[in-house]
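**Student:** coords please:
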Amino acid sequence: IVCNMSYIPGSERAIVVAGIIPTLLITSLITSDQIITKLICVKALVNLMADKSLYNLLVKDGIIWGLSKLAQLENAELLGLCSKALCNLSAEFAREMLRSTVSTRCVLQLVKRNEVELKKAGAKTITNLLLRTTDADEEFRK
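**Tutor:** Residues are numbered from 1 along each chain as shown. The predicted structure is shown next:
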């Protein structure tokens, strides 16, 4: 139901503010072992990312770590969704991604993949991480 609701343009804020992100992450990571359930949850998360103003809330709720863990599963569709979502998040949340060992490992694994689209997503993410975290970035160096 949440996945279907998240397809409706403009519904993102109400869903995120209602606190559904932890539920989607827990369901996809722990509660269900069915790949279809994991896919539905990730599709809902990706749909909610349509509103970039919600990225802070999504990151606070653990979306970077969750997507990075889900990307470790060997499912092409799931990996594609997670890699694109992480790439989008890396443009604004490079510090948070670099602070997560799981996320960093995930991005490096993407570059090693044989699939061109996954390599591209990994390379774009690494580029974002490098561009957003420079020596001049004192906050990052603390």
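**Student:** helices or strands up against the longest helix anywhere in the chain?
**Tutor:** Identified as the longest helix of the chain according to DSSP state H is helix 116-132. If you count contacts as 3 or more C-beta pairs under 8 Å, 6 or more residues apart in numbering; DSSP states H and E, helix 116-132 packs onto helix 76-90, helix 94-99, helix 101-112. Glycine gets a C-beta too; all of them are placed from N, C-alpha and C.
**Student:** how about these in TSV, adding mean neighbour count?
**Tutor:** Listed next are the helices and strands packed on helix 116-132 as TSV, based on neighbours: other C-beta atoms under 10 Å:
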stretch	mean neighbour count
helix 76-90	21
helix 94-99	18
helix 101-112	17
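**Student:** want to throw those into a markdown table with mean pLDDT and distance to residue 31?
**Tutor:** Converted to a markdown table, the helices and strands packed on helix 116-132 look like this (pLDDT from 0 to 100; distance: least, C-beta to C-beta, whole Å):
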| stretch | mean pLDDT | distance to residue 31 |
| --- | --- | --- |
| helix 76-90 | 95 | 16 |
| helix 94-99 | 90 | 25 |
| helix 101-112 | 94 | 19 |
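**Student:** show me the one of those helices that comes nearest residue 131.
**Tutor:** helix 94-99 (7.6 Å; C-beta to C-beta).
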